[in-house]
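**Student:** below is the sequence, then the predicted model.
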Amino acid sequence: MTNAHINTNYQIINDKQGMPQFVVIPYEDFRQLTNQSVINLKNAIPSEVVDLLFDKQYSPARAWREYLQLTQEECAKKLGITQPAYSQLESSKKPRKATRIKLATALGIHEGQLDLLA
């Protein structure tokens, strides 16, 4: 293994005989050495949204809209549709993928965050 990408900011801890016993390295270097990935919270779903989905049985569109404190009218404007059309979209059990992509874009979220139950 080459250490070209590893930071040289480390500390060696010796035992009583002066022999290297431990090495303390920055966490990012440890992750690279062990091939551990970072959890991507950018596309996570807030617990409040999950609560609305499961506790109140809201659609993903409604849960996200309420979490983001938007009205149906505001969401409809972002999508370029009427409020009644948005209401129908929001109550849909399984909106089309293209519709989910447009809605996610309008809400400023990743499509996968809206596709949870679809």
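**Tutor:** Nice, I can see it.
**Student:** okay, which residue is most central for this structure?
**Tutor:** residue 43 (1.6 Å; C-alpha atoms, centre = their mean).
**Student:** measure it to residue 57 for me?
**Tutor:** In this view, residue 43 and residue 57 are 23 Å apart by C-beta to C-beta, to the nearest Å. For the C-beta atoms, the positions are set from N, CA and C on the backbone; glycine is no exception.
**Student:** and for residue 9?
**Tutor:** 51 Å.
**Student:** which helix or strand in the chain has the lowest average pLDDT?
**Tutor:** Each helix and strand of the chain was given a mean pLDDT (mean pLDDT, DSSP states H and E); the minimum falls on helix 27-34 at a mean of 78.
**Student:** just checking the distance from it to the centre of its chain.
**Tutor:** 22 Å (C-alpha atoms, centre = their mean, to the nearest Å).
**Student:** got the CA positions of that helix in PDB?
**Tutor:** Provided in PDB are the C-alpha atoms of helix 27-34 (Å, rounded to 0.1, in the frame of the first residue of the first chain):
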ATOM      1  CA  TYR A  27      -9.800  10.300  11.300                       C
ATOM      2  CA  GLU A  28     -10.000  11.000   7.600                       C
ATOM      3  CA  ASP A  29      -6.800   9.100   7.000                       C
ATOM      4  CA  PHE A  30      -8.100   6.200   9.100                       C
ATOM      5  CA  ARG A  31     -11.300   6.100   6.900                       C
ATOM      6  CA  GLN A  32      -9.100   6.100   3.800                       C
ATOM      7  CA  LEU A  33      -7.000   3.300   5.100                       C
ATOM      8  CA  THR A  34     -10.000   1.200   6.100                       C
END
